[in-house]
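> The following comprises the amino acid sequence and a computationally predicted model.
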Amino acid sequence: MGFIVALVLIAIAWYLLDRYFLSYWKRNGFKQLDATFLFGNSRKLITQSASFYEIFDEFYYKSKGEKFIGTYNLYKPSLLVTDPQMIHDIFIKDFGYFHDHAISFDTENDPLSGFLFSMTGQKWRDLRVRLSKTFTSGKLRWMFPVMKQNSDVLVNYIQKGLDTNEPVFGFSELFRRYNANLISSVAFGIDNDCINNPNNDFYKFGVKNFENNFRNNVKQFLFTFMPRLMSIFKIKFAPEDVNEFFLKIVREIVDYREKNNYNRNDFMDLLIQLKNQGYVPADKDVVDDDEKETFENETEPKTMQKLTFNELAAQAFVFFLAAFETNSAAMTFCLIELARNPKIQKKLQDELDEVYKTQDITYESLINLKYLECCMLEALRKYPPVPILFRECTKDYKIPNTDLVVRKGTDVKIPIMSLHRDPEIYDNPHDFIPERFLDSATGNSKLDNQKSAIFFSPFGDGPRHCIGMRMARVSSKLIIAALLSKYTFSLEDQRLNHEDVNFDIKSFPLRPDHDVQLRATLRKN
Ligand code: HEM
């Protein structure tokens, strides 16, 4: 009897505590979404019954009319911000309150997790200033031949398929293999062939990071809901064998290059300079055009702290992680949309033919292709590979024109993909219309002109926007240009001509739920 009474009392106490925790927002004057017992607003995320985008899209429409609304990751308050102006403030004007990504790792135990994305405060800022120098347009121009070599390997692979009567390809996987190649050569300085050899270790260990297994699911859960627990329980970001593989490979590369004074004009060279000198000299001949609002053009003091070996390895690793899924997704969705929109594909091919009938693809020619730029931007609008952005409020923040205060330590989520698909922001948001990015007066893409993240933020914005944005844009355009100059693509599954692509419900980066098959046909000259 005593036991039953105790159980009843515990249940009542738990219920009361539950109601108390799940009324945090109301108690602090905010509106909140209805929160369910124990789960808060995270039941669908925990049970993985819809994709991240769909779950946050539901929140977005439930909170329509509000600029922000309180939600709960289990019992942890999380503010969903949907107002474009407030998002802009968080990214730029009030960045001083929102500079961190709300994840943390124990880098002592997990050296590969000491990467830029997880760093906080001044430590992040110091490294960001130095790493930014490795992503300037000058450095990309320098690396372009390596990118081009990799795109040639992919084109040869497609051609081999056509020559052997196998003209249908699953591009999600193929682009992941291409990106593994690309990053292994530009960030690690290794010439792998993941395209022809999917059993290549570099690709296999890359895939392992994103596999849908129990361990990765638990990690994704903690990463989303209780990032601090990852460090408390010493959960490593990457599986043990992936850690060992990447640390060993970076050690060998660094030792070899240092011993033999070997340079390859790639990120690894630049990272080694950061390790040995603490800085990378700025490009003298290049004007950086789209970085004006950040501190990335700050002059580098020569006394900057040098990178340790582990910090160097972690940066090479995060370039790999960040590019592997996101870049592949951007390329895959763009090619799928071109395949389902033959007129747009033809218009893009006409633009490419004008330039590439008589010359091979160069960095300079590529960045001047406006329609190609618009196609990529439109793919990133409709399918932002990172559908939800998150930040941590690092000091109490009074929301402008209100008496409401977001407390230090609160995480903030921004449903970028829902904004990108909101009919109040974009006309016919579910249609693929590259022209919406074309400024009819100048022929320039709108992003170049506006520099505004208010309605378009596939790379985030402000000082913490994606550091690999330029590389992503150049490499994606290169691959689409190289493929479309030679081949025309069509959908094997005709249903996708009128149905939307479904998304993988277990993946945080946006990914189709199956590898959409596309048929390549050689174009006639
Ligand atoms: C289409 C491809 C890509 C997309 C859509 C993308 C998107 C993003 C987004 C949304 C963020 C978070 C920004 C924020 O919080 O405001 C981010 C951060 C980051 N991205 Fe990318 N990314 C892409 C490709 C790449 C590539 C190719 C690299 C490196 C080679 C890269 C490296 C990083 C790093 C290191 C960060 C962390 C930056 C920091 O915390 O300071 N990304 N990316």
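The structure has been received and is ready for your questions. If you're wondering where the values come from, they're calculated on a predicted model, not measured in any experiment.

> Quickly find the element holding residue 123.
Taking DSSP states H and E as the criterion, residue 123 maps to helix 121-132.

> how about that helix: buried residues?
124, 125, 127, 128, 129, 130, 131, 132 (16 or more other Cβ atoms under 10 Å). Heads up, the C-betas are built off the backbone N, CA and C, glycines and all.

> Run through the neighbouring helices and strands of that helix.
In terms of contact count using 3 or more Cβ pairs under 8 Å, 6 or more residues apart in numbering; DSSP states H and E, helix 121-132 is assigned the packing partners helix 309-340.

> does the ligand sit close to the helix it packs on?
Yes: Helix 309-340 is in contact with the ligand by Cβ under 6 Å from any ligand atom, via 318, 319, 322, 323, 326, 327, 330.

> For the first one, which residues are in contact?
For residue 318, the residues meeting the contact criterion (Cβ atoms under 8 Å, 6 or more residues apart in numbering) are 115, 116, 117.

> Quick check: PyMOL command selecting the buried ones in the residues of helix 309-340 next to the ligand.
Typed into PyMOL, the line below selects the buried ones among the residues of helix 309-340 next to the ligand, using 16+ other Cβ under 10 Å:
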select buried, resi 318+319+322+323+326+327+330
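
> could you dump the residues of helix 309-340 next to the ligand to TSV with distance to residue 65?
TSV is the format used below for these (distance: Cβ to Cβ, whole Å):
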residue	distance to residue 65
318	38
319	41
322	35
323	38
326	32
327	36
330	32
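
> which strands and helices sit next to the strand or helix carrying residue 158?
For residue 158, the element it lies in under DSSP H and E is helix 137-163. Under the contact definition 3+ Cβ pairs under 8 Å, 6+ apart, helix 137-163 sits against strand 168-170, helix 171-186, helix 363-367, helix 469-486, strand 517-522.

> Go through those and name the closest to the ligand.
Among those, the nearest to the ligand by Cβ to the nearest ligand atom is helix 469-486 (3.5 Å).

> strand partners of the following helix or strand past that closest one, parallel vs antiparallel please.
Downstream of helix 469-486, the next assigned helix or strand under DSSP H and E is strand 487-491. Sheet pairing of strand 487-491 (DSSP bridges) gives strand 517-522 (antiparallel).

> what about residue 9, how many neighbours?
Residues near residue 9, counting by other Cβ atoms under 10 Å, number 10.

> Next up, identify which helix or strand it is on.
helix 2-21.

> Skip ahead from that helix and say which helix or strand is next.
helix 24-27.

> chain center to that next one, what's the gap?
32 Å (Cα atoms, centre = their mean, to the nearest Å).

> So which bits of that helix are buried?
If you call a residue buried by 16+ other Cβ under 10 Å, then helix 24-27 has these buried ones: 24, 25.

> Could you do stretch 331-344 as well?
331, 332, 333, 334, 335, 336, 337, 338, 339, 340, 341, 344.

> per-residue pLDDT, the fifth one?
Translated: residue 335. For residue 335, the model assigns a pLDDT of 97.

> contacting residues around the residue nearest to it when sequence neighbours are not counted?
Spatial nearest neighbour of residue 335, excluding adjacent residues (Cβ to Cβ, 6 or more residues apart in numbering): residue 171 at 5.5 Å. By Cβ under 8 Å, 6+ apart, the contact list for residue 171 reads 331, 332, 335, 336, 515, 516, 518.

> just residue 497 next, same as before
Per Cβ under 8 Å, 6+ apart, neighbours of residue 497: 340, 491.

> again, only using 6 Å
Residue 497 sits next to residue 340 when contact means Cβ atoms under 6 Å, 6 or more residues apart in numbering.

> Please report how far it lies from the ligand.
25 Å (Cβ to the nearest ligand atom, to the nearest Å).

> again, but for residue 219
For residue 219, the distance to the ligand - Cβ to the nearest ligand atom - is 18 Å.

> Compute the distance between that residue and residue 105, please.
Applying Cβ to Cβ, to the nearest Å, the value for residue 219 to residue 105 is 11 Å.

> Comparing the two, which residue is more hemmed in?
residue 105 (23 against 18).

> so what's that one closest to, chain neighbours aside?
Residue 105 sits nearest to residue 113 (Cβ to Cβ, 6+ apart), 3.6 Å away.

> Pretty sure residue 379 is one of the things residue 334 touches, is it not?
Yes: counting by Cβ atoms under 6 Å, residue 334 touches residue 379, with 3.7 Å between them.

> Restricting to the contacts of residue 318, which residues neighbour the ligand?
Among the contacts of residue 318, the ligand is touched by 116, 117 when using Cβ under 6 Å from any ligand atom.

> filter the contacts of residue 318 to the buried ones?
Buried by 16+ other Cβ under 10 Å: 115, 116, 117, out of the contacts of residue 318.

> now, which of those sits nearest residue 139?
Of all these, residue 116 has the smallest distance to residue 139: 16.1 Å, by Cβ to Cβ.

> Show the model's pLDDT score for that closest one.
So residue 116 comes in at 89 (pLDDT).

> Could you do residue 100 as well?
Value listed for residue 100 in the pLDDT field: 93.

> What about it, how many residues nearby?
Neighbours of residue 100 under the rule other Cβ under 10 Å: 19.

> Repeat that for residue 233.
10.

> so what's the closest residue to residue 151 other than its chain neighbours scoring on pLDDT?
Nearest residue to residue 151, sequence neighbours excluded (Cβ to Cβ, 6+ apart): residue 482, at 4.3 Å. Each residue has a pLDDT score; the one for residue 482 is 96.

> Next, the angle from the helix holding residue 123 to helix 309-340.
Orientation of helix 121-132 against helix 309-340 (axes from the mean of the first three to the mean of the last three Cα atoms, to 10 degrees) gives an angle of 60 degrees.

> any residue of stretch 508-525 up close to the ligand?
No: Stretch 508-525 does not reach the ligand (Cβ under 6 Å from any ligand atom); its nearest approach is 8.5 Å.

> Any chance you could list what contacts that stretch?
Contacts for stretch 508-525 (Cβ under 6 Å, 6+ apart): 52, 158, 162, 167-173, 325-326, 329, 336, 339, 383, 385, 387, 487-490, 492, 501-504.

> what's the answer for stretch 45-56, then?
Counting by Cβ under 6 Å, 6+ apart, 44, 387, 388, 415, 417, 503, 505, 506, 508 sit against stretch 45-56.

> The nearest residue to the fourth one once chain neighbours are set aside and residue 460: what is the separation?
When the adjacent residues along the chain are set aside, residue 415 lies closest to residue 56, with 4.2 Å between them (Cβ to Cβ, 6+ apart). In this structure, residue 56 and residue 460 are 16 Å apart, going by Cβ to Cβ.

> ok, the two, which is more surrounded?
Neighbours were counted for residue 56 and for residue 460 using other Cβ under 10 Å; residue 56 has more, 24 against 20.

> so is that one in a helix, a strand, or just coil?
For residue 56, the assignment made with DSSP: H, G, I helix; E, B strand; the rest coil gives helix.

> How much space separates it from residue 80?
Separation of residue 56 from residue 80 (Cβ to Cβ): 8 Å.

> ok, the residue of the stretch 51-200 of the chain found nearest the ligand - contacts?
Closest contact between the stretch 51-200 of the chain and the ligand, by Cβ to the nearest ligand atom, is at residue 117 (3.9 Å). Neighbour list for residue 117: 101, 318 [criterion: Cβ under 6 Å, 6+ apart].

> Mind doing that once more with 10 Å?
With contact set as Cβ atoms under 10 Å, 6 or more residues apart in numbering, residue 117 has these partners: 101, 103, 124, 237, 314, 315, 318, 321, 322, 464, 466, 467.

> Show the backbone phi and psi for it.
For residue 117, the backbone dihedrals (degrees, to the nearest 10) come out as phi -60, psi -30.

> Let me know the closest of the contacts of residue 318 to residue 243.
residue 115 (12.7 Å).

> That closest one reaches residue 127, doesn't it?
Yes: the criterion here is Cβ atoms under 10 Å, and residue 115 meets it with residue 127 at 9.0 Å.
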